[in-house]
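Peer 1: need a structure here:
(chains A, B, C, D, E and F, ligands or ions: 3)
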Amino acid sequence: MKKNSKFKHWFKKWGLKICALLVLGIPSVCKAAEGLQLSAGDTTFIMVSAAFVMLMTPGLGLFYGGMVRTKNVLGTIMQSFAVLGIISIQWALWGYSLAFGSDIGNFIGGFDYLGLANVGQAPAEVAPTIPHLAFMIFQAMFAIITPALISGALAERVKFSTFLVFIVLWSTFVYDPIAHWIWGGGWLADLGALDFAGGTVVHIASGTSALVVTLVLGKRRGFGTGSLLPHNLTMVLIGTALLWFGWFGFNAGSALAANGLAVSAFVVTNLSAAAGLFSWMFLEWKLRGKPTALGAATGAVAGLVAITPAAGFVSPMAAIIIGLLVSPICFAAIQLKGKLGYDDSLDAFGVHGVGGTWGALATGLFASTAINAGGTNGLFYGNPGLLGIQFIAVIATAAYSMLMTFIIIKILDKTMGLRIPEHEEVIGLDLTQHGESGYHNM
Amino acid sequence: MKKNSKFKHWFKKWGLKICALLVLGIPSVCKAAEGLQLSAGDTTFIMVSAAFVMLMTPGLGLFYGGMVRTKNVLGTIMQSFAVLGIISIQWALWGYSLAFGSDIGNFIGGFDYLGLANVGQAPAEVAPTIPHLAFMIFQAMFAIITPALISGALAERVKFSTFLVFIVLWSTFVYDPIAHWIWGGGWLADLGALDFAGGTVVHIASGTSALVVTLVLGKRRGFGTGSLLPHNLTMVLIGTALLWFGWFGFNAGSALAANGLAVSAFVVTNLSAAAGLFSWMFLEWKLRGKPTALGAATGAVAGLVAITPAAGFVSPMAAIIIGLLVSPICFAAIQLKGKLGYDDSLDAFGVHGVGGTWGALATGLFASTAINAGGTNGLFYGNPGLLGIQFIAVIATAAYSMLMTFIIIKILDKTMGLRIPEHEEVIGLDLTQHGESGYHNM
Amino acid sequence: MKKNSKFKHWFKKWGLKICALLVLGIPSVCKAAEGLQLSAGDTTFIMVSAAFVMLMTPGLGLFYGGMVRTKNVLGTIMQSFAVLGIISIQWALWGYSLAFGSDIGNFIGGFDYLGLANVGQAPAEVAPTIPHLAFMIFQAMFAIITPALISGALAERVKFSTFLVFIVLWSTFVYDPIAHWIWGGGWLADLGALDFAGGTVVHIASGTSALVVTLVLGKRRGFGTGSLLPHNLTMVLIGTALLWFGWFGFNAGSALAANGLAVSAFVVTNLSAAAGLFSWMFLEWKLRGKPTALGAATGAVAGLVAITPAAGFVSPMAAIIIGLLVSPICFAAIQLKGKLGYDDSLDAFGVHGVGGTWGALATGLFASTAINAGGTNGLFYGNPGLLGIQFIAVIATAAYSMLMTFIIIKILDKTMGLRIPEHEEVIGLDLTQHGESGYHNM
Amino acid sequence: MKKIEAFIQPEQFEAVKKELFEANVHKMSVSQVKGCGQQKGYTESFRGQVVEVHLLPKTKIEIALNEDFVQPTIDAIIRGARTGCIGDGKIFVLDLPQCIRVRTGESGTDAIG
Amino acid sequence: MKKIEAFIQPEQFEAVKKELFEANVHKMSVSQVKGCGQQKGYTESFRGQVVEVHLLPKTKIEIALNEDFVQPTIDAIIRGARTGCIGDGKIFVLDLPQCIRVRTGESGTDAIG
Amino acid sequence: MKKIEAFIQPEQFEAVKKELFEANVHKMSVSQVKGCGQQKGYTESFRGQVVEVHLLPKTKIEIALNEDFVQPTIDAIIRGARTGCIGDGKIFVLDLPQCIRVRTGESGTDAIG
Ligand SMILES: Nc1ncnc2c1ncn2[C@@H]1O[C@H](COP(=O)(O)OP(=O)(O)O)[C@@H](O)[C@H]1O
Ligand SMILES: Nc1ncnc2c1ncn2[C@@H]1O[C@H](COP(=O)(O)OP(=O)(O)O)[C@@H](O)[C@H]1O
Ligand SMILES: Nc1ncnc2c1ncn2[C@@H]1O[C@H](COP(=O)(O)OP(=O)(O)O)[C@@H](O)[C@H]1O
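Peer 2: Ligands and ions are numbered 1, 2, ... in the order given. Next comes the predicted model:
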């Protein structure tokens, strides 16, 4: 009874606001600017790419979910699904507008696209051969996976409600502005920083934020005792496969047209992933005696992370080098974790933060206008300046992300509480946060 | 020996018929009507969409397979695979012709496409920029997943042989005619009913049929005692991810061309899924104390179901509302199951029947010619008539599906037997129907 | 310390060579020959197809991984991932050049594409509407999955390091030349042999090589005692779904353009898979009493294998027949295994070798210029000659593959050792080769 | 003290648990085993190779208790587990000379409940 | 009555089952455990963090039986399980004062077989 | 000889193993069970249907040993397993009349270690 009426109350309270949004939201189709001509090939390409990138978020859920213990598997995958549900809506309501709305002070987008107003079926300047909505939804998938990446740092101990609020705030105050800086016509774009598919916006932003979150959150119970083993590595491998697959959409799709550049990005993506897998495997073999499947998977993901900012600017051979080098770099970073004693549980910082940084800097080394006439040459092609600019982009992104994340997370910790109580941590996220168990009598 | 000769006999008996079919089946390529021009972009789009939708059927198998008990996991997934095998062929032999052959009395298609005769590489009227075969195979994937949906209602207790016969009969006598009514130029199309991607044909037809089947079949042993827990919820989540991914092909592909409308359908599909996930999660949180992963997955699927008929007619904001509302509606329907005591095991009716109905009616509310000039305005855009037409489409589809299903299922029950004996139900489908176990010593 | 310095040493040793490669590797973009015009639709199609085929390799890993015992699951999936990592790079460095470089003596390609030199964003003769790089990466995915197929024959007992060396040698000395023979302008192409998507190159080459490897390697401990049961058949089914899905890219993509032929290949691929599933299911039902899920999955894969060489040449009805017949043929071949006592653990020969042979011959029966004007008619369309040519192609491919594989495997057996010691076989690949376990406390 | 080990049909576990709770037995440890008994087996086949399956899933319940609880507990298990079909299972009773509670170090009959 | 608990190599289970059936022992309960014994362990590593693995998979067989079956059963298990390598396992024999068949309520030696 | 059966928190297993090794107890068999005790349960829900969960994961350790090892082993387990919270678990000690090593056929106290 009481519950029922509570629901009615909740509905009454929100119903009107939702209706208001609806009105706001009537999209203005058929407003194509002059000279923009829709291409069926490009439109297919971006839709398919968006679908591929969408699949990465559940793929990430599996990648992470296999690495936690049985009792936390649903809670972990659920974090990715929840982000998919919530940021899809956040992006449509205000996120896209903040990132890609008309520029305000080189820092953030305006409100012109609120509720997807003025985002229609006709092409827009930003991607002249595809519907504006196609660009929007492709970008949405980036906005979704980025906060999901952070969940790897707070695995197995975060309060679900706080996590949800966190990702909404983080997307709004961290992701949306940074996306604007580099892709929406903000100051980093003006500066000439190169980020083809999100090395800074996606990986450095999420990775460095993950570090802050993990430091505030503290270690898991049992960290360092060797008992926090992954419950299902085959799930990690399935996740890796979906990530690798989806990343083709991520990187090639960022060309926004099915042209030679997209194909080039596709090729270097595969090569860097392969090289990352390869070098992590051999590194472990040399240093630890055996090449692990988790190592290979981690190396592949690291290779994908590293090539992300560079994908549209570098040659296949450069991609192999970027991939070969990312593994030792990330491997070293992960060892640090043990030494410094912080618990970046699933290495969101170690792989995405560090790998993304290497990728952004490598772009400054290997970028070549022979690959992309619209880009810039890097150090190895005679232009040392780019490396400096990339460095600024890395620092600015990292600093801003870490600062904002710290503020958000501290406020949430004080108000809602960030971490579940210890006895719930023992029982696990699945039962305590979701009232479920992943497996029954298997 | 005897078995061997039986097989020879069987082969002799069928060999000739198959050869006859082969002759029949020589396709007539190069018969493109005037003015039809193949587009590489659109052709890619439809092929990729067909592949996406194909993946949904195994995805559904996993979605369902994770929800049953360990001893039934293979039997459940096998139902989806068997449908994929059998209806692919049924569709090529006669299904496509019944649905899309030249109209007979506004009720069913003629025999002109039997064995895919006259379905060639050139475009046809029905989809002027892609090969006729592309339209055929895209539609095939819809014909496949629809009967697979019903398997959720008869999970854990149906006889496999009867199930196979059932789906062939059901596809032929229920799906094919209804598909003709609305997409093949039948009476519902004439009436002006809107169904972009199969709200009525796919979801209402399968969902209401599922209700009939479940009522005839009776409850599972142990229903209501709380011991029928899902054996692997991570499998459900993998299935959900594949369904969500594939649904982009389902809905956007239904535009049959890579244009603004397809992109619009893509966008609203994602938003409705996200909103469904979101509102189911919060509903459970409010009403049951905790948001479950299964709830989130169910909400996402319900959101996808609901947007299906509306995908090409509504705005993004309308999609959010459709998705937000589908969850309370389906949630309530599922509670009914407990109250009324029928065992719609995996909620094929509760999600697809009810969600599809809501989607079809919502199309009558939110459809807008601003989104699709080829559509009609709905109630909220000043045209109350459409809602009435949608209502007729829902009732007609449901009534016809339920009646025909009842006849088919009763005949099968009397002749082949519908349900496995109780002691086999205790042992499970896997060992009794398939002679296998899902897992060994994991 | 020591380890660290070893690493430095390794790095010093290789660093220079890698840099040299880099220089070598600067791709020559913008060298489009006259009259080649990039199509966005076709480019999208090939990129997406390449991504689909990429997904098949992890899919194969799951297909195989589910069939082995728990203790070998990671080792088995890891074989597929390692191939993905290593052959991606091998292909870019020299494999593509050997297969598709300018013809040397009708036998092998020249060195013009070494390190992807001269492979750029502009189209080339070989595929005039897409970037040369797109053709390269699409072909790369074929070169990757082929050696991965062989891993099914040496499952649960091969030394990982030897496996890695084996696949590099096999790709270089077996796959690359054969690919050249038929697709790169070699002698089989001149002869007029038809192989649309790799029946000989991919399936016969890998399948017959698998037979040789399995004979040299010997049986698994416990073979024939009935205790080698698949640890997770749901994983096999997930793998099957991904293979089926990816095969659309494999076969349709082989048209190299999004045209009617591609769609025709798409359609027959689905029909043959369905028919293979169907007939294996009923065969088992007749001969063994029950239709198994593994049987259905095997039949689907066999159907996909068989249609591969024929995909661009046969009608839908012919595809159904090819699929219906492949299952009894492969089924019989697999029974032989038991009789002859060799341990083709996961039936790489029984399915790929035998099914591929049937497919190549069936192409000689059913090929029709009504489907593909660029092809040849087969026996049933009045041209018995093609069957003879196909027969030669089968024999040549099989003989060359088996001979070379025998040489390679014997050398490796003598030098590195092929098989892990018996006590490690008892413990399993996961712990002994990779220092990991697939599952912890599930 | 005694230790009861019961092997029952997995399907009946919820019913047995209910009966045990009603009989005031709240402590137990439960695991999944495979059992072979009078129940006939099934055959499995793996790519044409046929394997006899003699083992079907069973649930094992372990309960340590004081003597006076033994009979009521056995009765409760039987009430919950009996379906009258072959395969209903067995109850074994073992002697338990000693029992210690980890948390407190208590031992004997104090520790058991 | 006695209760036998044997821990053997999982690989040998089919052979042991065969020997038991030949020795007319058809009832048993089987489960998967991990065992630690003279067999040396392996190391696992998880992202560079190395973990000692001392436990390897073993199969546990539980058989309740009458006294006169004990020795033949032990012999059958040894025949099936012995490979001569470290890790072959152990057989433990416990006293079993009581046994009840759930389906019929029979008890003692009548119930055991 | 005695057989010890301990039910502990899975989280504490590594610590218990360490203590046992230090106490020179190297042989054991370990399995995963679900336990029901003083620890309060949780509720699970499955599509709106609510289910009480009384069983939480526990680790079962079985150790067969000679009498003089019993007390040190119990102490070691307690040292490793005690966290002071409800749910820490129980240790049961059973009599073990006989023990055989499969590999050698040795029996009794020679076989146990
Ligand atoms: N002597 C025994 N030793 C060990 N376990 C037994 C024994 N007898 C029965 N069981 C267990 O009890 C289960 C049911 O026994 P079964 O003989 O099939 O049924 P019933 O007791 O009704 O005849 C078996 O599957 C097995 O797990
Ligand atoms: N004292 C014991 N207590 C419990 N389990 C034991 C004991 N000794 C051996 N086991 C079980 O038997 C298995 C094999 O024992 P192990 O000592 O490795 O071989 P062996 O007896 O051939 O020397 C162990 O992995 C363990 O599961
Ligand atoms: N009488 C018993 N019989 C069988 N298992 C028991 C018994 N008492 C406790 N256990 C096992 O020990 C675990 C911990 O017991 P519990 O009563 O929760 O903790 P504590 O002993 O600290 O009060 C239980 O979950 C169960 O697995």
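
Peer 1: what's the burial count for the residue of the stretch 51-200 of chain A found nearest chain E?
Peer 2: Using C-beta to the nearest C-beta, the single residue of the stretch 51-200 of chain A nearest to chain E is residue A:67, 8.4 Å away. From N, CA and C alone the C-beta is placed, and that goes for glycine too. Look at residue A:67: counted by other C-beta atoms under 10 Å in any protein chain shown, it has 30 neighbours.

Peer 1: And for residue A:403?
Peer 2: Neighbour count of residue A:403, defined by other C-beta under 10 Å: 14.

Peer 1: In a helix, it, correct?
Peer 2: Yes: counting by DSSP: H, G, I helix; E, B strand; the rest coil, residue A:403 falls inside a helix.

Peer 1: Just the pLDDT at the residue of the stretch 51-200 of chain A closest to chain E, thanks.
Peer 2: Residue A:67 carries a pLDDT value of 97.

Peer 1: what kind of secondary structure is it in?
Peer 2: coil.

Peer 1: Same question for residue A:128.
Peer 2: Look at residue A:128: counting by three-state DSSP, its state is strand.

Peer 1: Looks like it contacts residue A:36 (just checking).
Peer 2: Yes: with contact defined as C-beta atoms under 8 Å, residue A:128 reaches residue A:36; the gap is 4.6 Å.

Peer 1: Looking at those two, which is more packed in?
Peer 2: Between residue A:128 and residue A:36, counted using other C-beta under 10 Å, the more crowded position is residue A:128 (19 against 16).

Peer 1: Tell me the spacing between the residue lying closest to the residue of the stretch 51-200 of chain A closest to chain E once chain neighbours are set aside and residue A:276.
Peer 2: In space, and not counting its chain neighbours, residue A:67 is closest to residue A:230: 4.3 Å by C-beta to C-beta, 6 or more residues apart in numbering or on different chains. Noted for residue A:230: a distance of 19 Å to residue A:276, by C-beta to C-beta, to the nearest Å.

Peer 1: who's more crowded, those two?
Peer 2: Using other C-beta under 10 Å, the more surrounded residue of residue A:230 and residue A:276 is residue A:276, with 33 against 22.

Peer 1: State the next helix or strand along the chain beyond the helix or strand that contains the more buried one.
Peer 2: Remark: residue A:276 resides in helix A:260-288, with elements defined by DSSP states H and E. Following helix A:260-288 in sequence order, the next helix or strand is helix A:293-307 (DSSP H and E).

Peer 1: what's the average pLDDT for that following helix?
Peer 2: On average, helix A:293-307 scores 98.

Peer 1: Run the chain-centre distance for it.
Peer 2: 15 Å (C-alpha atoms, centre = their mean, to the nearest Å).

Peer 1: can you tell me which residues contact residue 80?
Peer 2: Because you didn't say which chain, this covers chain A. By C-beta atoms under 8 Å, 6 or more residues apart in numbering or on different chains, the residues touching residue A:80 are A:57-58, A:60-61, A:64, A:148, A:151.

Peer 1: my bad, the chain I had in mind was chain D
Peer 2: Residue D:80 touches D:8, D:12, D:15-20, counting by C-beta under 8 Å, 6+ apart.

Peer 1: Report the two of those separated the most.
Peer 2: Distance extremes for the contacts of residue D:80: the farthest pair is D:8 and D:18 at 13.0 Å, using C-beta to C-beta.

Peer 1: And the helix holding residue A:276, what's buried?
Peer 2: Of the residues in helix A:260-288, those with enough neighbours to count as buried (16 or more other C-beta atoms under 10 Å in any protein chain shown) are A:260-285, A:287-288.

Peer 1: So what touches stretch A:378-393?
Peer 2: By C-beta under 8 Å, 6+ apart, stretch A:378-393 touches A:182, A:188, A:191-195, A:200, A:313, A:360-361, A:363-370, A:376-377.

Peer 1: how many neighbours does residue D:67 have?
Peer 2: By other C-beta under 10 Å, 10 other residues sit near residue D:67.

Peer 1: pLDDT on the helix holding residue A:276, on average?
Peer 2: pLDDT averaged over helix A:260-288 gives 97.

Peer 1: tell me what that helix is packed against?
Peer 2: Judged by 3 or more C-beta pairs under 8 Å, 6 or more residues apart in numbering or on different chains; DSSP states H and E, helix A:260-288 is in contact with helix A:233-252, helix A:293-307, helix A:316-340, helix C:2-24, helix C:40-65, helix C:73-90, strand C:127-131, helix C:132-150.

Peer 1: tell me the angle the fifth one makes with helix A:293-307.
Peer 2: Just to be clear, that refers to helix C:40-65. Between the axes of helix C:40-65 and helix A:293-307, defined by axes from the mean of the first three to the mean of the last three C-alpha atoms, to 10 degrees, the angle is 160 degrees.

Peer 1: elements contacting helix C:40-65?
Peer 2: With contacts taken as 3+ C-beta pairs under 8 Å, 6+ apart, helix C:40-65 sits against helix A:40-65, helix A:233-252, helix A:260-288, helix B:40-65, helix C:73-90, strand C:127-131, helix C:132-150, helix C:233-252.

Peer 1: Now do the buried residues in stretch A:192-200.
Peer 2: Buried-residue list, stretch A:192-200, by 16+ other C-beta under 10 Å: A:193-200.

Peer 1: does chain C sit close to that stretch?
Peer 2: No: on the criterion C-beta under 8 Å from any C-beta of the partner chain, stretch A:192-200 is out of touch with chain C, staying 14.6 Å away.

Peer 1: hang on, the earlier thing: just the buried residues of the contacts of residue A:80.
Peer 2: Using 16+ other C-beta under 10 Å, the buried ones in the contacts of residue A:80 are A:57-58, A:60-61, A:64, A:148, A:151.

Peer 1: can I get those in CSV with pLDDT?
Peer 2: Converted to CSV, those look like this (pLDDT from 0 to 100):
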residue, pLDDT
A:57, 98
A:58, 98
A:60, 98
A:61, 98
A:64, 98
A:148, 98
A:151, 95
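
Peer 1: Now the stretch 51-200 of chain A against chain B: closest residue?
Peer 2: residue A:121 (2.7 Å).

Peer 1: before we move on, back to that, which of the contacts of residue A:80 sits closest to residue F:51?
Peer 2: residue A:61 (24.4 Å).
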